[in-house]
Structure formats: structure tokens, C-alpha cells
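> Make a model of this:
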Amino acid sequence: MSDYKSQSNNTQQLQFYITPAHECPYLPQKKSKTVFLNPELVPDQNIYRWLIDKGFRRSGDHIYRPQCDDCEQCISVRIKAKHFSANKQQKRCAKNGKRFITKLHPASFSKEHYLLFENYINTRHQDGDMYPTSEKQFKDFVLSDWMDTQFLDFVEPTSGKLVACCVFDQLQSGLSAIYTFFDNDYAKFSLGRLAVLTLIEKSLDLQLPYVYLGYWIKNCQKMAYKGEYRPIECFINDQWIHLS
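Alright, predicted model coming up:
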């Protein structure tokens, strides 16, 4: 267990607990450990804003950060929106994505969103820890009573069909991408990439400096894509480092 002092309240000590070593879900033959904020503490946006700038992330109401003994490959990354420069692939994705209608609304449970999420997990992530999924797992994962969480929907205009949803938190320091799930029949539109590009545009509209992408793991195929956004800032050795 270790303590951090929150800048939002100088008298409050935040307690953290570290898990025993377990199999890494991203890198084969690696052991991982995770530091969690004391689950008995009900966090708020000020606490989370401070912690996300220390490399933490949230999953439901759990706030965590990897802290492994012999590996530092999970790197928290963020995009400084006004400095972002799209490459050719990203520009093409944004152009092709203009066919979809985007709808923004507060995160809440709906059968339509859950069925899209369930189909996504069943078709693309049967090897992950969310398979098989359930309505309860979906709610616990993406929804939070204390956070301003939003759904960014991508809708097929001719049929009105929901084809993708990007779940993100809105903070004073930026937008934090939580998860994107989509209809596999539309995979050719690179909807995960389109979601990040749309968040960058939204952060500029809101005059928010950052888009937080979570953990970049260069040697994991599922997580390596986060390195394609440049310039990017990486949280290394307790400080944010700019990579061009």
C-alpha cells in the first residue's frame, strides 16, 4: 500500500493497494501488478483529474495504474489536440467517416448499445477477460455515477443503425477515451481510429488541451495503434514526455 496526496484537497491522503503478480493480459510470459485506489473511497472528478495526470485510468468506478516489477511497457499517453497532425491514413479515415452521423449524449444503459457491445466482444475479443459479457458487466465497465461520461455514437444515415460507440469521460483537462465498440461489418471504416480523430476535433471545439488514450503497449498488437498519433505525450518516470 502507498499514499498519494491529492492536489484538490491537501489534507486528504489517498490510499492505494497493489495486487499480487498475475498473468499479463497483454504480453505473453509476463507477470503484471496493478495499483488500485482504495475501492472504499468514492472518488470525484477532481481526484480523478489529478490521478489521470499521474498516469492512472478508470474502469467503471475502479481507478488503477500498472506497476510491474520488471516491465514498464504500459505507458499512459495523451494527445495535445492543437498540435496534432494527421497522417495520410488518418486523413483518409476521417474523410471516409463523414458518411456517418455522429450523436453525442450522456452515457446510459440501452439495449441497443449493449447488443452492439455484446456482438463486438463475441466477434473480436473472445480471448479477453470480458468474454462472455453481460449487461451487468457492461454497466460496471462504462458507467459511473461520479464522472461526466459521454457516448459518441456513429450512425448509418440511411438505416439509422448504430454502428459504433465511443465511450469517453469529459474532464477539465481533456477528453479521456474509455472504450470503443463497433459492428464488425463496418470494420473497413477503421471506426476505432475514427473515434479518436473525432475526440480530437471535439476537444478543440471545447478548447480542452488533451485527449487521453490510456495505455500504449508497443509490443502488443491490440494496443500498439495508440502510437500512431503524433505528436504524443507519454507518462514516463513520473513526468509527461513529448514525442514528435
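
> can I see the domain layout of the protein?
Listed domain ranges for the chain are 2-71, 78-243 (source: automatic domain parsing).

> can you tell me which of the ones you listed the model trusts least?
Of all the domains of the chain, the minimum mean pLDDT falls on domain 2-71 (a mean of 85).

> Q172 against W50, yeah?
No. Shown here, Q172 and W50 do not form a contact pair, counting by CB atoms under 8 Å, at 10.7 Å. From N, CA and C alone the C-beta is placed, and that goes for glycine too.

> Compare the two (neighbour count), which wins?
W50 (19 against 10; other CB atoms under 10 Å).

> secondary structure class for that one?
At W50 the chain is in helix, as set by DSSP: H, G, I helix; E, B strand; the rest coil.

> how far away is it from F56?
9 Å (CB to CB, to the nearest Å).

> again with M147
13 Å.

> Overlap in contacts, those two.
Y48 (CB atoms under 8 Å, 6 or more residues apart in numbering).

> Look up the closest residue to the residue positioned nearest the centre of the chain, ignoring the ones flanking it.
With distances taken as CA atoms, centre = their mean, I178 lies nearest the centre of the chain, 2.8 Å away. Nearest residue to I178 in three dimensions, chain neighbours excluded: V167, at 4.3 Å (CB to CB, 6 or more residues apart in numbering).

> so who does the one you found touch?
For V167, counting by CB under 8 Å, 6+ apart, the contacting residues are A107, V142, T149, Q150, F151, L152, A177, I178, Y179, T180.

> The third one - how many residues pack around it?
By other CB under 10 Å, 19 other residues sit near T149.

> Can you show me the helices along this structure?
Listed in chain order, the helices of the chain (DSSP state H) span 45-52, 88-96, 111-124, 135-142, 191-205.

> Quick check: which of the ones you listed is nearest to P231?
helix 191-205 (12.2 Å; CB to CB).

> neighbouring contacts of the closest one?
Contacts for helix 191-205 (CB under 8 Å, 6+ apart): 79, 81-82, 84, 86, 89-90, 93-94, 96-97, 100, 102, 104, 152, 154, 163-164, 166, 168, 174-175, 177, 180, 182, 209-211, 213, 225, 228-229.

> change it to 7 Å
By CB atoms under 7 Å, 6 or more residues apart in numbering, the residues outside helix 191-205 that reach it are 79, 81-82, 84, 90, 93-94, 97, 102, 152, 154, 164, 166, 168, 174-175, 177, 180, 182, 210-211, 213, 229.

> Tell me which of the residues you listed fall in strands.
79, 102, 152, 154, 164, 166, 168, 174-175, 177, 180, 182, 210-211, 213 (DSSP state E).

> Pull the most distant pair out of those residues.
F182 and Y210 (23.8 Å).

> The two: which has the busier surroundings?
Between F182 and Y210, counted using other CB under 10 Å, the more crowded position is F182 (24 against 21).

> Bridge partners for the nearest residue to that one once chain neighbours are set aside, pull those for me.
Leaving out its chain neighbours, the residue that sits closest to F182 by CB to CB, 6+ apart is A164, at 3.6 Å. Counting by DSSP bridges, A164 is bridged to F154, F182.

> Tell me which residues touch A164, please.
With CB under 7 Å, 6+ apart, A164 has these contacts: F154, T180, F182, D183, Y186, L191, A195.

> at 8 Å what do you get?
F100, L116, D153, F154, T180, F181, F182, D183, Y186, L191, L194, A195.
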